[in-house]
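In: The amino acid sequence is not available; the structure is as follows:
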């Protein structure tokens, strides 16, 4: 599943506080599964899939806002999350790919920095 696809049957929180609660619930599911004797690998796959479903809507919205200003870009999940090995409380590694170079320090570069903050800060706030 890519960052811009998600399972519409699962509820997706609209804000950082709701996202934080959903992430905690997903982590608690891993804890409970381990106590039940379920395999850790299976639980990490499920956690990874849920996290991707939770972060997809804000990432897709951010890409939509950026297209008119910065051209084609993509948000790519990398690291443990991309390998479906995301551990509870691990950081989420995202890579931003831009089709066109963004000049650093110029007005466009500063606007891109602001867009990055709009993308990252709610995710950081969610924990």
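Out: Structure's in. What do you need? Keep in mind that this is a model prediction, so the values were computed, not measured.
In: Next, residue 77: secondary structure please.
Out: What DSSP: H, G, I helix; E, B strand; the rest coil gives for residue 77 is strand.
In: Find me the pLDDT at it, would you?
Out: For residue 77, the pLDDT comes out at 94.
In: same deal with the one 5 residues further on?
Out: Residue-level confidence at residue 82 comes out at 95, pLDDT.
In: Which phi and psi values does the spatially most central residue of the chain adopt?
Out: Residue closest to the average C-alpha location in the chain (Cα atoms, centre = their mean): residue 55, at 3.6 Å. With angles defined as degrees, to the nearest 10, residue 55 sits at phi -90, psi -10.
In: now residue 94
Out: Main-chain torsions, residue 94, degrees, to the nearest 10: phi -120, psi 140.
In: please begin residue numbering at 10 from this point
Out: Shifting the count to begin at 10 puts that one at residue 103.
In: where do the strands sit along the chain?
Out: Taking DSSP state E as the criterion, the chain carries its strands at 82-87, 102-107.
In: which of the ones you listed is buried the deepest?
Out: Ranked by mean neighbour count, the strands of the chain are led by strand 82-87 with a mean of 17 (mean count of other Cβ atoms under 10 Å). Just so you know, the C-beta spots here come from the backbone N, C-alpha and C atoms, and that holds for glycine as well.
In: what helices or strands is it leaning on?
Out: With contacts taken as 3 or more Cβ pairs under 8 Å, 6 or more residues apart in numbering; DSSP states H and E, strand 82-87 sits against helix 49-79, strand 102-107.
In: deepest of the ones you listed, which one?
Out: Compared across the helices and strands packed on strand 82-87, helix 49-79 shows the largest average neighbour count, a mean of 17 (mean count of other Cβ under 10 Å).
In: With adjacent residues omitted, what lies nearest to residue 128?
Out: Using Cβ to Cβ, 6 or more residues apart in numbering and skipping residues adjacent in sequence, the residue nearest residue 128 is residue 71, 4.3 Å away.
In: one step back: out of the strands of the chain, the one nearest residue 28 is which?
Out: strand 102-107 (14.5 Å; Cβ to Cβ).
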